[in-house]
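Trainee: I need the structure of the sequence given here:
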Amino acid sequence: MTQHARVVLASLAVTLCASNAVAQIAAEGTIRGYVKDEQGGVLPGVTLTATTPARSTAFTARTDADGFYRLINLPPGIYTIVSELAGFSRFERTGLEVRAELNIQVDITMKLGSVTESIQVSGETPMLEVQKTVQAVNISGDFQRSLPLSSRREWSDSLALTPGIMSRSTDQFGGDVYFLRGTENENHVIQIDGGDVGSFEQNWPGFFARLNTEAISDTQVKTAGVDAASPLAVGMVVNIATPSGTNRLKGSTAAVYTAKAWNGDNNPGGTPVAARVFQPDVAVGGPIARDRAWFFASMRYTDRTVGVSRDATLLGNLTALVANFQPFDNKGHLKYYFVKGTTQFSSNHQMYVYLQRDVNAEDSSFQVDGGNFEVSAPGGSAYVARLTSVWGSTMTTRFLAGYNTKGLNPSFSVFENHLGTGGPSRPVHQTAFPSAGIVQGSGRIAVLDNIASRNITPASKLTFSADMTYFHAGGWAGSHEIQVGTYLQPRLKAQNTIYYSGDGFALEEMVLRDPANPAAGTIPFHRRFYSAPTEDSQRLLAHDNAVYLQDSWKPATRLTITGGLRLDWVKNTNQIYDLVTLDDFIVGPRIGGTYILTADQKDVVHTSWGRVGDVPNSAYLDPTSPGGTTGGGTSKLALRDEYSTRLDGVFDRVLLTPAASRTNPNLRTDPDRRWPFVDEFIAGYRRQLPGQVSLDVSFLRRNYKHRPALVEVNGIYDIGVFRGYKDESLNDIFLLTDNQWSSFVYQGVELTATKRTTKAQLITTYTRAWQHIDGTWQPNDPASFIQPTAFSNDRGLGTIRGAGTNSLSGTADTRNPMWEKHQFRTGLTYAAPWGVQVGTSLSIQSGPYSGPIVTRLTAPDPRFGPPTVTLSNGRVVSNPLATAIRFAYGDRGEGQIKAPNLRIVNLRLGRNFVFGTRRFEAAFDTFNLLNAGTDQQFLNGGNQLYSSNYARRPDGSFLGVNRQPPRSGQLTVRYVF
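Mentor: Residues are numbered from 1 along each chain as shown. So this is what the prediction gives:
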């Protein structure tokens, strides 16, 4: 980034802060429209007042010279609007529902008469967004609480109803992960009341931002077409609106219970993901000072055990390899807190503050683990304050400050009782083979004794945001709603300390003596020694400082044209090496428009184009640390790798990797590295049908560009033959840059239908997706020398986290839960007579792809050099081109295996009992009613024709892992007062 660009951005940010502006995004909605007389003439000066039982204060507005009004900053709820003007009868419109961040239009016709006369009108609430081109869905808190989505009862369960989302349960402890149109699970922004509560370490929804569902009023999920005020994110932007308390003390208490005996078995001969859950919730809100200040608080406690999915083969392997093995569950005891205070300084100035806390430890062992070695403690605390002001009829300002400490595993004490034997981790492979001068396993079938390392990863995020919105009516070729703001995250911090098992002897890979008989024992073939037992592997300090400007221009009553520009300065420094890994100035233009086709505002077309940068995330900013996104991250310690090339337990080959110095000569940073972004186009049609039903049909195209990349730049390649290294004191030297050679392209058609009445609520979504990769290989990728014509891929493309250095590793591009062709989901609740409540959710989605299918040569091809190369200084290094692995087909898409489709049917039956203002609810939920048993993931080696874990069995059936949870029942009780 140039010095001039820095000065411009800093000056704009200071100017905006000084202008008393505020938070770029909130959880409120708006009602707007025209007020006219019976002859169609506009009525300026009309006073409008909006009230709702959800708040103890009223909201007011006046029509401008064009008769246009805006009721803004409305918390979600059911509103009554009263309009008054001398010489006209008082007009009252009831039953208008406002949703989080939704702009609806309500036009009013007033009749001549006395203001003492009153005309009351009721009707259907407008459901269509009329101003913005954003693709979004709103999911109310009561709908979430009434739907049988999962036995975990997390707020994030409802994200599965979002169009474009692919989801699956995790293979560790049962919570779902969410992928949007090719994105990863961490490319999202999670906000509560406009405050960023996501982790700088990893933005997994529902994992780093947990909240009692009693604390949810409404949730808006933006998936495309976000405006310039929205934070950087190529995934979802989720904003949860919470209650604020009123002058009346109100609250609720609830509990869910699932007994282990209420679970079925969909894994014959193995162990199902059977859960036992006890989970009480409590929430209460009320006055601190009547008409002036209010509070709201909620808490959840969870006592949960979740079975680990193991099929009969995995269970048999563990039983044979681990003495006295007994299947075990993952367990957790969790607590979430949320406390919020709201004060009304005057009718035009309001402030709230809140605390949200959710750090908890929970077992997270995988299917192949021979013991309960793994535990995760994600989360932390979030502190947010926001001030909202209305300045007359033409200007509003908001200001927000927030800080969160969302990280992973705050201290080593998290791992107590999960340390295994204390020695090295011993992964077991069914077979092993020499390749590229080393020995590789065919895929883990068990992990014995321990895991290789454990990580302590604290992180924090500081946020200041401000904006000012100015409304201009008349002149300027129509009305304008101009917003200018700043979004500052001046301190994003992440640290990672790795503790290696075995006092540095962390890994000893094993192979079965007899591939057909695990009980015959194992032979070690690879050992890894680190030069120290601990490593301070990551210490990052980053910032994302942005300014933006946007305008909603209405040149005609039915047409709105939106344009915006967002400028972000993102910089990251690896403080261990005093190395700047990114310094980029991101330009994000947006342009779009909506047109109301009919006078009743029930038919709207929309289109937009925009460039949106990705959310700043520590692993993307610095993918070179162990576990980094590109797959090229390595330890900075000295390594000693020993191999038994004859697979006889005698370690006859030793490869040494020198330690990196403080200046880290193994890594170079491209000073022109760019931050990843997506170019996005949308075109769609929205219609509101009778009966409070809305329909949206849209086409979307996304192009994911400039993903993180590591390019090996030290190797000497002479016409496709590896000759050694330029700097012989080192092995691979990586250039950290952006992928300028290829991009992922997503295209999709999405259909969304919703219904919301007092008796029935419905969300139905269907997505049809196509994907492919454009471009060519990264420089020095072994595949570019060995199989240069195999680049094409239109199935499982791999992750947008970044392209690795070796596409022929055998495991490259095998993470594909985001690339699925079809998704259909429905959530429905219905209030039947006599207080009976019925709910159901149905999900059908395509299975993921395996990634490129690879095979193995009987011996490396000598055309690409010998298995090892001896350098002039005497060091022996492996030859990356001497790999025995090859793509099995003409290109990387051909022949990929698709996992089976995932089908889930859930059902709820309950009854409500009403006692005046109090209500008792009881319901019984059945999850996975059909007891389907789909494996949602591939085993390690599932794309390898030579592996025992190859996903297609000889009989054509699918071999996978992470079976969906079995049929289970859950009792829910809830008391509202």
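Trainee: where in this protein is pLDDT low?
Mentor: Scanning the chain with the threshold set as pLDDT under 70 gives 1-27, 115, 122, 171-174, 624-634, 662-664, 803.
Trainee: at 50 instead, please
Mentor: Residue ranges of the chain with pLDDT under 50: 4-25, 626-633.
Trainee: How are the helices of it distributed by residue range?
Mentor: All helices of the chain, identified by DSSP state H, fall at 3-18, 141-146, 312-321, 618-621, 782-786.
Trainee: partners of the spatially closest residue to Gly649 that is not a sequence neighbour in the sheet?
Mentor: Using C-beta to C-beta, 6 or more residues apart in numbering and skipping the chain neighbours, the partner closest in space to Gly649 is Ile523 (4.9 Å). Yep, even glycine has a C-beta here, placed from its N, CA and C like the rest. Applying DSSP bridges to Ile523 gives these bridge partners: Val511.
Trainee: do the same with Ser435
Mentor: Using DSSP bridges, the bridge partners assigned to Ser435 are Ile438.
Trainee: what about it, how many neighbours?
Mentor: Here the count is done by other C-beta atoms under 10 Å, and Ser435 has 22 residues near it.
Trainee: show me what contacts Gly839?
Mentor: Taking C-beta atoms under 8 Å, 6 or more residues apart in numbering, we find Gly839 in contact with 146-148, 827-830, 907-908, 910, 923, 925.
Trainee: Give me the neighbour count for the closest residue to it other than its chain neighbours.
Mentor: In space, and not counting its chain neighbours, Gly839 is closest to Arg908: 3.7 Å by C-beta to C-beta, 6+ apart. Arg908 is surrounded by 22 other residues when neighbours are defined as other C-beta under 10 Å.
Trainee: can you pull the contacts of Arg908?
Mentor: Applying C-beta under 8 Å, 6+ apart, we find Arg908 in contact with 146-148, 829, 837-840, 923-926.
Trainee: just the strands in the stretch 251-400 of the chain please.
Mentor: Assigned by DSSP state E, counting those that start in this stretch, the stretch 251-400 of the chain shows strands spanning 275-289, 293-307, 329-346, 349-357, 362-363, 375-376, 378-379, 381-391, 395-404.
Trainee: Quickly compare those and say which is most buried.
Mentor: Mean neighbour counts were compared across those using mean count of other C-beta atoms under 10 Å; the top stretch is strand 378-379, at a mean of 26.
Trainee: so what does it touch, helix or strand wise?
Mentor: Counting by 3 or more C-beta pairs under 8 Å, 6 or more residues apart in numbering; DSSP states H and E, the packing neighbours recorded for strand 378-379 are strand 407-408.
Trainee: Now do the strand it packs on: distance to the chain's middle.
Mentor: Computed by C-alpha atoms, centre = their mean, to the nearest Å, the chain-centroid distance of strand 407-408 equals 16 Å.
Trainee: Show me what it is packed against.
Mentor: Packing contacts for strand 407-408, counted by 3+ C-beta pairs under 8 Å, 6+ apart, involve strand 378-379, strand 459-472.
Trainee: In this structure Val605 contacts Gly592, no?
Mentor: No. Between Val605 and Gly592 there is no contact, the gap being 11.1 Å when judged by C-beta atoms under 8 Å.
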